[in-house]
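1. next input, structure requested:
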Amino acid sequence: MVDGKPVGTLAAGAFIVADRPPGRHTIYVVLGPHKDSGFEADIQVEPGASYYFELGPIVRMNIDLFRLDSMGVTGRPMPGRSSDGTPFMFYALDAAAGAASVARLKS
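-> Numbering: from 1, shown residues only. The predicted structure follows:
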């Protein structure tokens, strides 16, 4: 969701495109059918810029770093807020890495 409005459904190996005006926005991923279980982060959108995010495990212990690597997560962890029991969080990718990741998913 972006700013409380659904923008699509994610599955492994999928991506969503959401065009938003410049300014502050809140992105939120809901895990499963329960809308109270998810991860939320605030982003600042600049004019003409593209932003790429991926989902990965919340890193709390060293074993989580193994899960992060095994899932192929390459972005930087984003600060945000999670519901109890939420296993995932957002990771930000730079524009070049994000565009390359989307190109791989399209092929």
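2. how about the helices in this structure?
-> Secondary structure of the chain (DSSP state H): helices at 62-70, 95-106.
3. list of residues touching the last one?
-> Read that as helix 95-106. G13, A14, F15, A49, S50, Y51, Y52, F53, E54, T74, G75, L93 (C-beta atoms under 8 Å, 6 or more residues apart in numbering). Any C-beta I mention is one placed from the backbone N, CA and C, and that applies to glycine too.
4. how close does the fifth one get to T9?
-> Right, the one you point to is S50. Separation of S50 from T9 (C-beta to C-beta, to the nearest Å): 21 Å.
5. neighbour count: the two, which is higher?
-> The neighbour comparison of S50 against T9 (other C-beta atoms under 10 Å) goes to S50, with 12 against 8.
6. just give the nearest non-adjacent residue to that one, would you?
-> Taking C-beta to C-beta, 6 or more residues apart in numbering, and ignoring the residues beside it in sequence, S50 has A95 as its nearest neighbour in space, at 5.7 Å.
7. for the one you found, grab the count of nearby residues.
-> That count, for A95 with other C-beta under 10 Å as the rule, works out to 11.
8. and V29, by the same measure?
-> 20.
9. tell me if I'm right that it and G38 touch.
-> Yes - between V29 and G38 there is a contact under C-beta atoms under 8 Å: 5.2 Å.
10. what's the spacing between T86 and E40?
-> For T86, the distance to E40 equals 10 Å [C-beta to C-beta].
11. what's the distance between A103 and L10?
-> 18 Å.
12. when those two are compared, which one has more neighbours?
-> L10 (14 against 9).
13. now that one, nearest residue through space, not along the chain?
-> Leaving aside its sequence neighbours, L10 sits nearest to I16 (C-beta to C-beta, 6+ apart; 6.3 Å).
14. quick one: residues contacting the one you found.
-> Contact partners of I16, counting by C-beta under 8 Å, 6+ apart, are V7, G8, T9, L10.
15. please redo it, this time with the cut-off set to 10 Å
-> V2, P6, V7, G8, T9, L10, V29, F53 (C-beta atoms under 10 Å, 6 or more residues apart in numbering).
16. give me the pLDDT for it.
-> pLDDT, I16: 90.
17. that one and T9, how far apart?
-> In this view, I16 and T9 are 8 Å apart by C-beta to C-beta.
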